[in-house]
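Q: Can you look at this prediction? I've put the sequence above it.
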Amino acid sequence: MVLLRLGLGCHFFYEGVWKITHPEFSAESFLTMAKGPAAWIFHGMIYDIDGRERLRIERGVAAEKLLADWRKVREDSLKRLVDPYVKRLKKYDEKAQKLEEKNQTLIPADQATVASLERKIRTLTDQFDLATEPILWKAEDRLEDFLKKNKTSILSHFAAPSEERKSPEKVAAWLAEISQIETEYLEAMTAYGQENKEAADGINRSARALASKPVFGEGASADGLVTGNRLKSPSKREVLSVSDLIDAEKFYGPCRELKEATVRKFGLNADQQAEAEKLYRRYKDAFKTVLADNRDDIAVHFDALERFEKREAVGNNGAEHQKARRYDRKQELRKEVNVWLNGLEASKRGFQKGLAGILTEPQAARGSLPVPWTRVDLINLAVTYGLTAIGLCLLLGLFTRPAALGGGCFMISVVLTQPAWPTIYPHDPPVVGHALLINKDFIEMLALFMLATTAVGRWAGLDYFVENYVIHLWNKMANKK
């Protein structure tokens, strides 16, 4: 019995220690592969296993053309700012190419001029970005808040038959609010131009070009501006569009919350906050781009998943080939959606890594980033340290009965996850042998429950001292009272 206890303890302890030393371990793949009647219990432990929640395609409101106009103001302003230096640099590049054909190089003075021009372009670009990116981000955030606040109203308006879209006051209110955001954005850009005379001409010209086509002006009419799935300004600029899309905030929202929590926890200075904000904006745009680019393929995937589930609901005659086809198709669909989900989750981890790289050494010494725990993270923690604790207790013969009971309950979950029953597909591979319910996992479960009914911990174990000294002393003290 002692040898059985030690053997089981060694098995559990090694499994736990292996998982501790391999932080990449995750129970997610094991839970995903669950089969048999109880599979739904283990699949339910994984949040959104089929990606329906995170990749749900629904009717939404976007303002991509409007945002593109705002970004173009910045891009054109920067281009006009650095263009004189770029043109001079281009002449030296052409001169260098001609000299290279003759196996010659630029003279030192020209090389110094090229290096100076490159530094100037980098300096101007960095200064311009540092000053104007927050202006654009503020306008984008205000527009995003507007879309969230008015999403239901806008969708209802667009969903109504065309003859019922006679609410010019409502449309005028939307356009007026968006126009105010754009006006304040252009005013902030112009104000920066007044402070930076070198950038003033480019900013003023770019801002005037957009201001000449206002979203909505005083005395403008809002009649007939909603056509199809688009809302245009009186100057024929597309302002809003309604379409089926995936809400990217499900992915970049947690990144924003992590950024804000990191600022609070580590007390990031102004430069670090600016770097963290720039990193967040880059990943936010990346999430939006990936989801927009893959929307059609994701829609096709969910159509296939819906058809598959309808066929499953009809049932079958239990033929082996039907079981195999259904199981393989389900796994195929999950692998397909995981291509997108794993890529998006990898981007989240990339953002976390980038955010950690902003911290100084003293800041990093305060602990890890305040990344919220997921359901799978909690399961991984419980499995890893639960197995380690059970194994250690069995090896030491300490609290043996509860440890054996806990180990037996864990083995119940293993048996239910991969039951050895001939009618359940997929079958165990031949290399593990053939079993009719009673396989090695089942036998290990029985052995653990049997140990839980014995006093094996007091035989060459620490339970002897717990029983005869700690509990005995406790009882003696209790009796005196």
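A: Now that the structure is in, tell me what you want to look at.
Q: Quick one: list the elements packing against the host helix or strand of Ser347.
A: Under the criterion of DSSP states H and E, Ser347 resides in helix 320-358. Applying 3 or more CB pairs under 8 Å, 6 or more residues apart in numbering; DSSP states H and E, one finds that helix 320-358 contacts helix 249-266, helix 270-314. (Each C-beta comes from the backbone N, C-alpha and C, glycine too.)
Q: Quick one: distance of it to the chain centre.
A: Counting by CA atoms, centre = their mean, to the nearest Å, helix 320-358 is centred 12 Å from the centre of its parent chain.
Q: between the helices and strands packed on helix 320-358, which gets nearest to Lys95?
A: If you check each of the helices and strands packed on helix 320-358 against Lys95 by CB to CB, helix 270-314 wins as the nearest, at 35.6 Å.
Q: which residues of the stretch 1-150 of the chain fall in helices?
A: 2-21, 28-32, 39-43, 64-101, 108-159 (DSSP state H, counting those that start in this stretch).
Q: can you put those helices in TSV and add mean neighbour count?
A: Converted to TSV, the helices of the stretch 1-150 of the chain look like this (neighbours: other CB atoms under 10 Å):
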stretch	mean neighbour count
helix 2-21	17
helix 28-32	16
helix 39-43	15
helix 64-101	15
helix 108-159	15
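Q: before we move on, back to that, give me whichever of the helices and strands packed on helix 320-358 is most buried.
A: Ranked by mean neighbour count, the helices and strands packed on helix 320-358 are led by helix 249-266 with a mean of 17 (mean count of other CB atoms under 10 Å).
Q: Might you report the residue contacts of the spatially closest residue to Gln111 that is not a sequence neighbour?
A: Closest residue to Gln111 apart from its sequence neighbours, by CB to CB, 6 or more residues apart in numbering: Thr105 at 7.7 Å. The contact partners of Thr105, taken as CB atoms under 8 Å, 6 or more residues apart in numbering, are 96, 99, 111.
Q: Check the second one and give its pLDDT.
A: So the one you mean is Leu99. On pLDDT, Leu99 comes in at 87.
Q: so what's it closest to, chain neighbours aside?
A: Thr105 is the one closest to Leu99 (CB to CB, 6+ apart), at 6.0 Å.
Q: that older thread, indicate which one of the helices and strands packed on helix 320-358 is closest to Pro214.
A: Nearest to Pro214, of these and by CB to CB, is helix 270-314 at 26.2 Å.
Q: okay, the angle between the closest one and helix 249-266?
A: 140 degrees (axes from the mean of the first three to the mean of the last three CA atoms, to 10 degrees).
Q: What's the mean pLDDT across helix 270-314?
A: pLDDT averaged over helix 270-314 gives 94.
Q: do stretch 218-225 as well
A: 83.
Q: got a list of contacts for that stretch?
A: With CB under 8 Å, 6+ apart, stretch 218-225 has contacts from 168-169, 171-172, 175, 214, 216, 231-234.
Q: distance between the ends of it?
A: End-to-end distance for stretch 218-225, by CA to CA, to the nearest Å: 16 Å.
Q: how far does that stretch sit from the chain's center?
A: 41 Å.
Q: Now do the buried residues in that stretch.
A: For stretch 218-225, a neighbour-count test (16 or more other CB atoms under 10 Å) marks 220, 222, 225 as buried.
Q: and if you look at stretch 405-414?
A: For stretch 405-414, by 16+ other CB under 10 Å, it's 405-408, 410-413.
Q: what's the closest of those residues to Phe308?
A: Distances from Phe308 to the buried residues of stretch 405-414, taken by CB to CB, are shortest for Ser413, at 27.3 Å.
Q: helix, strand or coil for that closest one?
A: With DSSP: H, G, I helix; E, B strand; the rest coil as the basis, Ser413 sits in helix.
Q: quick one on the thing from earlier: return the distance of the residue nearest to Gln111 relative to Tyr92.
A: Distance of Thr105 to Tyr92, computed by CB to CB, to the nearest Å: 12 Å.
Q: strands paired with the biggest strand by length in the chain, and their directions?
A: Assignment by DSSP state E gives strand 238-246 as the longest strand of the chain. According to DSSP bridges, strand 238-246 forms sheet pairs with strand 57-62 (antiparallel), strand 230-232 (antiparallel).
Q: quick one: contacts of the longest one?
A: Applying CB under 8 Å, 6+ apart, the external contacts of strand 57-62 come out as 147, 150-151, 154-155, 159, 240-247, 295, 298-299, 302.
Q: Now it: buried residues?
A: In strand 57-62, counting by 16+ other CB under 10 Å, buried: 57, 60-61.
Q: Can you tell me which of those is nearest Ile438?
A: Ile57 (46.8 Å).
Q: For the closest one, which non-adjacent residue is closest in space?
A: Asp244 is the one closest to Ile57 (CB to CB, 6+ apart), at 5.2 Å.
Q: What's the separation between that neighbour and Gly391?
A: 52 Å.
Q: Equivalent analysis for Ala199, please.
A: Ala199 is 66 Å from Gly391, by CB to CB.
Q: Please apply the same query to Ile121.
A: 62 Å.
Q: Please produce CSV containing the contacts of stretch 218-225, extended by neighbour count.
A: Listed next are the contacts of stretch 218-225 as CSV, based on neighbours: other CB under 10 Å:
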residue, neighbour count
Pro168, 14
Glu169, 8
Val171, 23
Ala172, 17
Leu175, 23
Pro214, 18
Phe216, 25
Leu231, 24
Lys232, 18
Ser233, 22
Pro234, 18
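Q: Including distance to Thr423, could the residues you listed go into JSON lines?
A: Below are the contacts of stretch 218-225 laid out as JSON lines (distance: CB to CB, whole Å):
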{"residue": "Pro168", "distance to Thr423": "66"}
{"residue": "Glu169", "distance to Thr423": "66"}
{"residue": "Val171", "distance to Thr423": "62"}
{"residue": "Ala172", "distance to Thr423": "67"}
{"residue": "Leu175", "distance to Thr423": "64"}
{"residue": "Pro214", "distance to Thr423": "71"}
{"residue": "Phe216", "distance to Thr423": "68"}
{"residue": "Leu231", "distance to Thr423": "58"}
{"residue": "Lys232", "distance to Thr423": "62"}
{"residue": "Ser233", "distance to Thr423": "65"}
{"residue": "Pro234", "distance to Thr423": "69"}
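Q: Specify which member of those residues is nearest to Phe442.
A: Leu231 (64.2 Å).
Q: what's near enough to touch that closest one?
A: Contacts of Leu231 (CB under 8 Å, 6+ apart): 154, 171, 174-175, 225, 238-241.
Q: redo that, cut-off 6 Å
A: 225, 239-240 (CB atoms under 6 Å, 6 or more residues apart in numbering).
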